[in-house]
Structure formats: structure tokens, C-alpha cells
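*Asks:* Can you look at this prediction? I've put the sequence above it.
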Amino acid sequence: MSWTLVYYASEWLIRILAVPLVLRRRGPATATSWLLVIFFLPWPGIILYALIGENRLPRRRIRLRAVEATRERIEQRLKALAPHIVSPELSREQATLVQLVQRLGDKPILGGNHGEVFTHTKEMIDRLVEDIDRATDHVHLLFYIFADDGTGRRVAEALARAVERGVTCRVLADDVGSWRLFKRLGPEMRRQGIELHAALPVSIFRRRLARIDLRNHRKLAIMDGKIAYTGSQNIVDANYGTKDLVWHDMVTRTTGPIVLQLQGVFVEDWYAETRELLDEERYFPDPHVTGEIMVQSLPSGPNFPTGNYQRMVVAAIYAATERVIITSPYLVPDSPFMQAMETAVLRGVRVDVIVPQRCDQVLVGAAARAYYEALLEAGVRLHLHGDGLLHSKTMSIDRSVALVGSGNFDIRSFYLNFELNMLAYGPRVTEALRMAQNEYLRESHELTLEEWRGRKYHLRLLDNMAKLMSPLL
């Protein structure tokens, strides 16, 4: 028998078997894209699908993230707080979203918090190092990128100083985002007594992971169970990966009862990677009221049965009555997200979307640009931020809801990555976020439909070709 005939027969066998396999596990749009890839390139396509085609974790890994002991410990600590802290008074619109977010992420709203916002890398890292230097019991860091650069080494030195004082320091860094860390700086940190582990380690056998590009994209730092940082900033220099661009990030520093929720997120991720359960009382100290901000955390990822981050974003936009402002470095919307923005505009809501003029991800940037014309036709006001690389992931809804976190407004963050977002409620905190968003608007150029349609044909063609791959990105 001819080897050529065997090869052609195997290609058709792959095409036939791929249909039920892909359709059983993917939505229509994504399934169509995968089937097109496999139909035209059977062997490369099926290998690629085996590596990055699944968007679910194995059941064993999901079970490892369900740490009931942690949740019980948090509930015990919160019982001591006054009712208006655990169940703050809300408007009807806020109460509906709060209930949805709690059902999606299993995290209730908590009042009595204080927050600060940082929009410059050096300012945030300076304060983080100060808090590490003041820690007395433990420091927990969870970051997608912990780089072996000036910023990474500065934080590592602060952790080493803390270890010398008897402080327990744990670092969880994504295996792909922080691969350079594990080459040289990581071994140094371990020798200094810092507990360092890789999140979602990549293995060719993938016994512990469904697909190699499911990543832990969260950014979280906790000191003594009393102070927490979260947002879009990684432990990395502000000019990471570029020669002429400075990244613009947004991070919140919070104190108050919400830190217990965030500690629970770290404990679950740590347990999933190390099998070490951090359920001692020292990690969940009695919470204290430090301010008046009402906050709710929303962890998301493939361990949840639905795309809970995507559902929250869509629901919040549908609830808007006046204005929505979104900032995101990567904007690759799915159909429900597009429809929510279009419907909001039709209802008379002003929708502003701010994206970087230059994107550090070539394919993702091209796919995002392919949606610009549809957004502009729908009446969404699109702004190109030209001052550096906008990396902040934020959303404000009217004068009632402010979101800051690690999740982009794209398919990858909606369904694939482990993300962590914070929602704060009330006019004061929303106006504080709007001030930062308005600064981004002043640094941006508003794109018009006529201007965008005037681009050269080959550029539009390349963007539309990248759009075909958007369900796979």
C-alpha cells in the first residue's frame, strides 16, 4: 500500500473524527474556526487542538481549587463584623449586580474598606516594597509576570529581607509569563528561603493541565492578611518588552474585610499547585473596618462552569443608564459583549472604549482592529491612547460601579485565563476611577468612522484575516 494513500486516508479520518469531538466541547463560532483549521491542515490542526483546543480543566484540578476549609475560615472571621459591613445597604441597580457577581464567583460584597489607586509602576512598586518591609508574619505574591529585571530583583530583595526577619514569604508565578524568573532569579530566591512555585506548569504530558495556554493571569499581593494589592500591574519594569513604550497600569491597594476574600483566592491557587493548605488563623486575622468602600471580588477561570467574568461585564453594561467607560489593551469581543455595547448605545447610553494605539501583541492587535468598524458603526466612541502602552483593565458604569482588575475585554480573559477583578460600588469610588479614565481620554485620539474606513485595503484585509482567528486567541 502506498504511504501517500495512507497519509490521505489519515487526513480524512482526522476530519471526520474532529467534527463530533470539537462540536461536543466548543460553542458554534469557536467550533467553526477549529473545524476550518483542521479541515485545511488536518495533522497540524489536530496537534494544535490537542495543545490549546480545550478550555476546561480536568476534574481533578477543579477539585483542588475548591478549598472549603478556607471559605469556612473566612465566614467565621466575618461573623464578628457588624451587619452593615457584611450586608451593606445598596441601591436596587447595585443589588442586582451584586447578587449576580456573588452567584458567579461565590464572593459576597463587603463594606468597611479603604482603597488607594496607583497608575504609575514606580509609585506602586515603591509602596509594595514598603509594605513588604513592614510585614511581620507573611507575604503572599501571585503574579502572571515576575520578571528577572530591576523591578523583579528589587521585590525579591525585599522578600529576602523579610525572610531574615522571620516572615514567611510565598510566591506563585505563572510558568509561561514568568519563565525567565525560573532560570536564574528563582533559584536565588529559593536559596534565600523564599517559597517559590510555578502556577500551571507546562508539561508535554500535561497530566495536570488540559491545555498548555490556560494561564494564571492574576496579579495579587497580600501582607499579613491585612493589606492587598490587585490590578493589572505585574512585577516588571515599566518598559517591559519594548524599547520606546512605557506601560500604563492601574492597581488598587486595599485594607479592610475584603482582604480576607483575596487571601482566599491566593490560598486556593497555592493549594492547587503545592497541595499545602494554608488554613491557620494567622492567615485570616480578624478583619477591621478601615474605610467606607463597598467592594466585591470576582475570581474567574476555567474552573468555573460558566464564563463568569464575561457574564458580569455584559450584565453591567445592560444595567447602565448614562455612561460606560472601558479601558483595555486587548479588545477582542465575543457576540454577547458586542451586542451589549450596541444595545447600550441604542438606549442612549454613551459608551467610550479606550485602547492603545500600538499593541504589543501583533495577532491580537490585528484581530481587535477588525472590530473597530462595527463598533464605530454602532455608535461606540473609540479612543486610541497614544502615550505609551495602555495596559489598565477598567470599567465604570454610570456613577455606581467601578471595576479594576487583571481581566482584558477579550475572549481569552472571558473564558480561558484565571483572572481576578475587583468591583467597588458607590459614586465616590466610581468618580475616583473616572478621574484616571478621563486622563487616559485626554491622552487619546478619538477615531472616526470616516478615518478608519480610509485605511489602505491591504491593512483591512490583514486585520480581517486575523479576525477569523479571534475565537482561537
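*Replies:* Perfect, I can see it now. Since the structure is predicted, the reported quantities are computational estimates derived from the model, not experimental observations.
*Asks:* List the contacts of the nearest residue to residue 343 once chain neighbours are set aside.
*Replies:* Closest residue in space to residue 343, ignoring its immediate chain neighbours: residue 318 at 6.9 Å, by Cβ to Cβ, 6 or more residues apart in numbering. Bear in mind the C-beta positions are built from the backbone N, C-alpha and C, glycine included. By Cβ atoms under 8 Å, 6 or more residues apart in numbering, the contact list for residue 318 reads 340, 343-344.
*Asks:* Export those residues as JSON lines, with columns for pLDDT, secondary structure and neighbour count.
*Replies:* Output for the contacts of residue 318, formatted as JSON lines (pLDDT from 0 to 100; DSSP: H, G, I helix; E, B strand; the rest coil; neighbours: other Cβ atoms under 10 Å):
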{"residue": "340", "pLDDT": "97", "secondary structure": "helix", "neighbour count": "21"}
{"residue": "343", "pLDDT": "98", "secondary structure": "helix", "neighbour count": "15"}
{"residue": "344", "pLDDT": "98", "secondary structure": "helix", "neighbour count": "23"}
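*Asks:* Reformat these into JSON lines and put distance to residue 286 next to each item.
*Replies:* Below are the contacts of residue 318 laid out as JSON lines (distance: Cβ to Cβ, whole Å):
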{"residue": "340", "distance to residue 286": "40"}
{"residue": "343", "distance to residue 286": "45"}
{"residue": "344", "distance to residue 286": "42"}
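*Asks:* for the residues you listed, which one is nearest residue 93?
*Replies:* Checking those against residue 93 with Cβ to Cβ, the nearest one is residue 344 at 14.1 Å.
*Asks:* mind checking how far that closest one is from residue 322?
*Replies:* Distance, residue 344 to residue 322, using Cβ to Cβ, to the nearest Å: 10 Å.
*Asks:* can you check residue 421 too?
*Replies:* Distance from residue 421 to residue 322, by Cβ to Cβ: 22 Å.
*Asks:* and what of residue 436?
*Replies:* Per Cβ to Cβ, residue 436 is found 19 Å from residue 322.
*Asks:* can you check residue 109 too?
*Replies:* Applying Cβ to Cβ, the value for residue 109 to residue 322 is 22 Å.
*Asks:* same thing with residue 331?
*Replies:* Taking Cβ to Cβ as the measure, residue 331 falls 22 Å from residue 322.
*Asks:* Same check on residue 226?
*Replies:* Distance, residue 226 to residue 322, using Cβ to Cβ: 36 Å.
*Asks:* ok, these two, which is more surrounded?
*Replies:* Per other Cβ atoms under 10 Å, whichever of residue 226 and residue 322 has more neighbours is residue 226, with 21 against 11.
*Asks:* got the contact list for that one?
*Replies:* By Cβ under 8 Å, 6+ apart, residue 226 lies in contact with 255, 259, 285, 288.
*Asks:* ok, the last one touching residue 258?
*Replies:* No. Under the criterion of Cβ atoms under 8 Å, residue 288 lies out of contact with residue 258, with a separation of 11.7 Å.
*Asks:* Which one's more surrounded, these two?
*Replies:* Using other Cβ under 10 Å as the criterion, residue 288 and residue 258 rank with residue 258 on top: 29 against 12.
*Asks:* so what's the backbone phi/psi at the more buried one?
*Replies:* Backbone torsions for residue 258, taken as degrees, to the nearest 10, come to phi -60, psi -20.
*Asks:* Contact partners for it?
*Replies:* Contacts for residue 258 (Cβ under 8 Å, 6+ apart) come out as 110, 113, 228, 295-297, 422.
*Asks:* now swap in residue 152 and tell me
*Replies:* Listed by Cβ under 8 Å, 6+ apart, the contact set of residue 152 reads 146, 181, 185, 235-236.
*Asks:* which of those residues has the most neighbours?
*Replies:* With neighbours taken as other Cβ under 10 Å, the top of those is residue 146, carrying 29 neighbours.
*Asks:* Please report the distance of that residue from residue 265.
*Replies:* Using Cβ to Cβ, residue 146 is found at 17 Å from residue 265.
*Asks:* what's the domain layout of the chain?
*Replies:* Per the record, the chain has its domains at 3-52, 59-99+113-296, 308-472, by automatic domain parsing.
*Asks:* Now that we have those domains, can you turn them into CSV and tack on distance to residue 105?
*Replies:* Listed next are the domains of the chain as CSV, based on distance: least, Cβ to Cβ, whole Å:
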stretch, distance to residue 105
domain 3-52, 22
domain 59-99+113-296, 8
domain 308-472, 6
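*Asks:* Mean pLDDT lowest where, among those domains?
*Replies:* Sorting the domains of the chain by mean pLDDT places domain 3-52 lowest, at a mean of 71.
*Asks:* Which stretches in the stretch 1-150 of the chain count as helices?
*Replies:* 3-25, 28-40, 42-52, 59-65, 68-78, 83-86, 92-105, 121-134, 150-164 (DSSP state H, counting those that start in this stretch).
*Asks:* in the longest one, what's buried?
*Replies:* If you call a residue buried by 16 or more other Cβ atoms under 10 Å, then helix 3-25 has these buried ones: 11, 14-15, 18, 21-22.
*Asks:* so which of these comes closest to residue 94?
*Replies:* Closest to residue 94 out of those is residue 22 (40.3 Å), distances taken as Cβ to Cβ.
*Asks:* what's the distance between that closest one and residue 375?
*Replies:* Computed as Cβ to Cβ, the residue 22 to residue 375 distance reads 29 Å.
*Asks:* next one: residue 444
*Replies:* 15 Å.
*Asks:* So if I had to pick from these two, which one is more boxed in?
*Replies:* Taking other Cβ under 10 Å, residue 444 and residue 375 do not tie; residue 375 has more neighbours (24 against 21).
*Asks:* What helices and strands are in contact with the helix or strand hosting that one?
*Replies:* Counting by DSSP states H and E, the element that carries residue 375 is helix 372-378. Helices and strands touching helix 372-378, by 3 or more Cβ pairs under 8 Å, 6 or more residues apart in numbering; DSSP states H and E, are helix 335-346, strand 381-385, helix 449-453.
*Asks:* which stretch among those comes nearest residue 128?
*Replies:* Nearest to residue 128 among these is strand 381-385 (24.8 Å), distances taken as Cβ to Cβ.
*Asks:* relative to helix 335-346, how tilted is the closest one?
*Replies:* Strand 381-385 and helix 335-346 are oriented at 110 degrees to each other (axes from the mean of the first three to the mean of the last three Cα atoms, to 10 degrees).
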